[in-house]
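# Quick one: sequence plus predicted model below, questions after.
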Amino acid sequence: MQKKLLGITIGDPSGVGPEIALKIFRHADVLSTCHPVLYGDEYVLKRVAPIVGHRMPLAVIGDPREARTGVVNLVSTNALNEPYDFATVQGKCGHAAFTYIERAIGDALAGKIEAVVTGPIHKEALHEGGHDYSGHTEIFADLTGTTNYAMLLTGGPMRVIHVSTHVSLRQACDRATKERVLTVIRLAHDVVRGLGVANPRIAVAGLNPHSGEGGLFGDEELSQIIPAIEAARSEGMDVTGPVPPDTVFVKHRNGDSDIVVAMYHDQGHIPLKLVDFMGGVNITVGLPIIRTSVDHGTAYGKAGKGTADESSMIAAIQAAVQLAKNATER
């Protein structure tokens with residue numbers, strides 16, 4: 001397989017993102033499948049390198065297509081070239097993290113890289129840095145002009161895609177409409193095919209306890225979710241549900257489906273993180289570019305110590321390579 005050219009943002013400099021970005025260069029199996037190009041700042045990586053015992057030379061390049069082997073290729077934005085603290089919310093670090101993302105998205109849209117893999121950011125620092133987004137997903141949607149998108153998590157044997165994410169629980173109930181549920185089912189079908197499953201089996205979770213129990217515990221299943229499932233089936237998709245939320249993930253883990261459509265953030269995040277917290281991957285579905293990410297935060301408690309686990313970053317890279325490979329073959 002031809003190696004894929006990936007852009008990897010180092011995340012908030014105050015967190016563990018720069019450390020795990022450098023640690024991937026220890027893994028020959030990762031480097032055998034891709035050419036990783038880091039998006040960050042030279043100042044930050046030179047500070048972090050001795051902390052993680054990294055000795056590979058750093059090569060600052062202007063275009064990711066100039067990447068070469070045997071070095072750490074870096075597209076440096078020069079957004080942060082002054083002292084900063086580890087494990088602290090700082091607006092300058094939030095702004096720098098946004099700048100890395102913005103540059104990588106631009107290069108991906110221009111066809112200079114085949115996918116973007118993102119390190120963790122801190123939402124409060126992002127806001128203090130002048131960028132009013134609730135997370136990576138919303139940044140990517142805005143900067144790519146995408147309307148229909150969703151968050152997908154993978155970990156261990158599980159895949160979960162979400163009808164809503166960073167909104168209140170009250171708002172999440174309102175967003176579980178027929179139109180939105182059908183959109184997410186379609187996105188689930190497409191992304192699982194992109195991950196190599198020819199005929200995806202999609203399980204749709206209910207919103208209410210016992211999936212509403214025929215309307216006794218809420219009527220969203222009857223008025224919104226079931227009509228969306230029926231519409232998806234009419235389009236030829238293999239969809240089951242609504243499956244009661246307290247059993248759908250057990251069945252999914254046992255192999256009854258290839259992906260679960262969860263109705264809101266915690267309904268999908270809790271079971272997946274329970275199964276595979278450190279190896280989870282976040283994929284933004286519906287974008288014109290490929291984006292995967294670690295499924296953990298900035299981990300301030302470990303920042304600056306060199307002990308952060310890079311497992312989720314490696315899994316995110318592997319997912320990006322798989323999606324890029326299948327996109328090329330289609």
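Right, received. Where do you want to start?
# mind listing the strands for the stretch 101-250 of the chain?
Listed in chain order, the strands of the stretch 101-250 of the chain (DSSP state E, counting those that start in this stretch) span 115-118, 150-155, 158-162, 201-205, 238-243.
# Now tabulate the ones you listed in CSV and tack on distance to residue 17 and mean pLDDT.
For glycine as for every other residue, the C-beta is placed from the backbone atoms N, C-alpha and C. Formatted as CSV, these follow (distance: least, CB to CB, whole Å; pLDDT from 0 to 100):
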stretch, distance to residue 17, mean pLDDT
strand 115-118, 9, 98
strand 150-155, 19, 94
strand 158-162, 23, 97
strand 201-205, 31, 98
strand 238-243, 36, 98
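# quick one, which of those is packed in tightest?
Across the strands of the stretch 101-250 of the chain, averaging neighbours per residue (mean count of other CB atoms under 10 Å) puts strand 115-118 on top, at a mean of 28.
# Show me what that one pairs with in its sheet, parallel or antiparallel.
For strand 115-118, the paired strands and their directions (DSSP bridges) are strand 4-9 (parallel), strand 291-294 (parallel).
# re the thing from before, between the strands of the stretch 101-250 of the chain, which one is nearest to residue 256?
Nearest of those to residue 256, taken as CB to CB: strand 201-205 at 6.8 Å.
# next SSE after that closest one?
Sequence order places helix 220 as the next helix or strand after strand 201-205, per DSSP states H and E.
# next one: that next one to chain centre, how far?
Distance of helix 220 from its chain centroid, counting by CA atoms, centre = their mean, to the nearest Å, is 28 Å.
# residues near residue 247, how many?
When neighbours are defined as other CB atoms under 10 Å, residue 247 has 14 of them.
# these two touch, right, residue 144 and residue 104?
No. Counting by CB atoms under 8 Å, residue 144 sits too far from residue 104 to count as a contact (11.5 Å).
# All the helices of the stretch 151-300 of the chain, residue numbers only.
Along the stretch 151-300 of the chain, counting by DSSP state H, counting those that start in this stretch, helices occupy 169-175, 178-194, 220, 226-234, 245-253, 265-275.
# With distance to residue 56 and mean pLDDT added, can I get those in a markdown table?
Below are the helices of the stretch 151-300 of the chain laid out as a markdown table (distance: least, CB to CB, whole Å; pLDDT from 0 to 100):
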| stretch | distance to residue 56 | mean pLDDT |
| --- | --- | --- |
| helix 169-175 | 45 | 96 |
| helix 178-194 | 32 | 96 |
| helix 220 | 53 | 97 |
| helix 226-234 | 48 | 98 |
| helix 245-253 | 39 | 97 |
| helix 265-275 | 32 | 95 |
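# got CSV for those helices, with distance to residue 109 too?
Shown next, in CSV, are the helices of the stretch 151-300 of the chain (distance: least, CB to CB, whole Å):
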stretch, distance to residue 109
helix 169-175, 28
helix 178-194, 18
helix 220, 37
helix 226-234, 30
helix 245-253, 34
helix 265-275, 28
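# Point out the most buried one among the strands paired with strand 115-118.
strand 291-294 (a mean of 29).
# so which of the strands of the stretch 101-250 of the chain comes closest to residue 293?
strand 115-118 (4.1 Å).
# Any idea how many residues pack against residue 81?
13.
# Rebuild the strands of the stretch 101-250 of the chain as a markdown table, extending it with distance to residue 257.
Shown next, in a markdown table, are the strands of the stretch 101-250 of the chain (distance: least, CB to CB, whole Å):
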| stretch | distance to residue 257 |
| --- | --- |
| strand 115-118 | 26 |
| strand 150-155 | 13 |
| strand 158-162 | 9 |
| strand 201-205 | 4 |
| strand 238-243 | 7 |
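# Give me the buried stretch members for stretch 126-146, please.
126, 128-129, 131, 133, 135-141, 143-144, 146 (16 or more other CB atoms under 10 Å).
# Pull the most distant pair out of those.
128 and 146, at 25.8 Å, using CB to CB across the buried residues of stretch 126-146.
# Residue 218: what's its closest spatial neighbour, skipping adjacent residues?
Closest residue in space to residue 218, ignoring its immediate chain neighbours: residue 208 at 3.7 Å, by CB to CB, 6 or more residues apart in numbering.
# For that neighbour, list the residues it contacts.
Contact partners of residue 208, counting by CB atoms under 8 Å, 6 or more residues apart in numbering, are 217, 218, 220, 221.
# Compare those residues and tell me which is most surrounded.
residue 221 (26 neighbours).
# Name the nearest residue to it, ignoring sequence neighbours.
Spatially, and ignoring its direct neighbours in sequence, residue 221 is nearest to residue 212 (4.0 Å; CB to CB, 6+ apart).
# gap between that neighbour and residue 164?
The gap separating residue 212 from residue 164 is 18 Å, by CB to CB, to the nearest Å.
# hey, which helix or strand in the protein has the poorest pLDDT?
helix 311-329 (a mean of 92; mean pLDDT, DSSP states H and E).
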